[in-house]
Each structure stands twice: as C-alpha cells, then as structure tokens.
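K.L.:
no sequence on this one, just coordinates:
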C-alpha cells in the first residue's frame, strides 16, 4: 500500500473528533466521510486522497465505542492509521469490520514521519518505507488471530 501521511502530532485523538456525535445518525458512508476528523481538522476532507494514512500519537480512537469512526475514515480514503497505540475498541472496530488497518508504530517512525511524506506499507514484512526521506521503520506485527481476521476481510468473513 502506498499513500501520503496526514500527521497529527498529538495523543488521545478520540472518536468525538474523528466523527462528532452530531453525525451518528448518518448511515450513508459517503456522508460520513465528509465529516471525518471534523472535530479536529475541519479541512481534512479536502486534504485526504484515496490510499492515504493518518499518523498519530498514543491512544488513537479513545472515547466512545462508535463504529462510525473507522467507517468515516475508511470512506474518506484512509487505508491505515499509524499510531503509537490504539484504544482497544477502535482497534477491534477497524479490524472486525475490515474498514482500515490499525498499525502500531515505534517512536522512531512517529518522530520522523512528517505530514505529506509518501509512505509504502508492507504487512508481510512489517515495514513502513518513507519514500520521501528514504527511511524504513518497523511496525508491530499483527497477532496471529488479528492477521487471520484481516486476511479474511473482517470478522464476519473469518472462518476459524
């Protein structure tokens, strides 16, 4: 996967800013996409292109357990969120619904990836290549079960 980094240098980006509560009544994915990250970055919709990645700090997706948050991000074009850590419910909503990949990264990657950098992710090799800076970083591998769920296309398609 290749895409550009949209970086937010902060921890605890919660589901209320990923998709403000006002939009929870929406069920059309295209409409949800228009409001992704609106509580933090009102211009997000005009910045994101299909295949891009969000880069963020610790505890991404904390707050309420709204499935709408990963749906809105995915529908806007985001293919993965690269963060130092994730709130568990956001992580599982993203994986179980096959909306986007929640990828845990180390401090080195977080500090050295800049907004707009072009990245290439290899799930097989657990690497992130920063094509803009010609650097490579490791990502935390998915557990065996999570890897199987992702490979199946989500929890509902997973056959143990």
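P.N.:
Nice, thanks for sending it over. Keep in mind the model is a prediction, meaning the values are calculated, not measured. Numbers count the residues shown, from 1 in each chain.
K.L.:
tell me the contacts of residue 84?
P.N.:
11, 56, 57, 58, 60, 104, 105, 106, 107, 110 (CB atoms under 8 Å, 6 or more residues apart in numbering). C-beta coordinates here come from the backbone N, C-alpha and C atoms, glycine included.
K.L.:
of these, buried ones?
P.N.:
56, 57, 60, 104, 105, 110 (16 or more other CB atoms under 10 Å).
K.L.:
of all those residues, which comes closest to residue 151?
P.N.:
Of all the buried ones among the contacts of residue 84, residue 104 has the smallest distance to residue 151: 18.0 Å, by CB to CB.
K.L.:
And for the closest residue to residue 137 other than its chain neighbours, the neighbour number?
P.N.:
Using CB to CB, 6 or more residues apart in numbering and skipping the chain neighbours, the partner closest in space to residue 137 is residue 109 (3.7 Å). Neighbour count of residue 109, defined by other CB atoms under 10 Å: 22.
K.L.:
Neighbours of the closest residue to residue 128 other than its chain neighbours, how many?
P.N.:
Spatial nearest neighbour of residue 128, excluding adjacent residues (CB to CB, 6+ apart): residue 137 at 4.6 Å. As a burial measure, residue 137 scores 19 neighbours (other CB under 10 Å).
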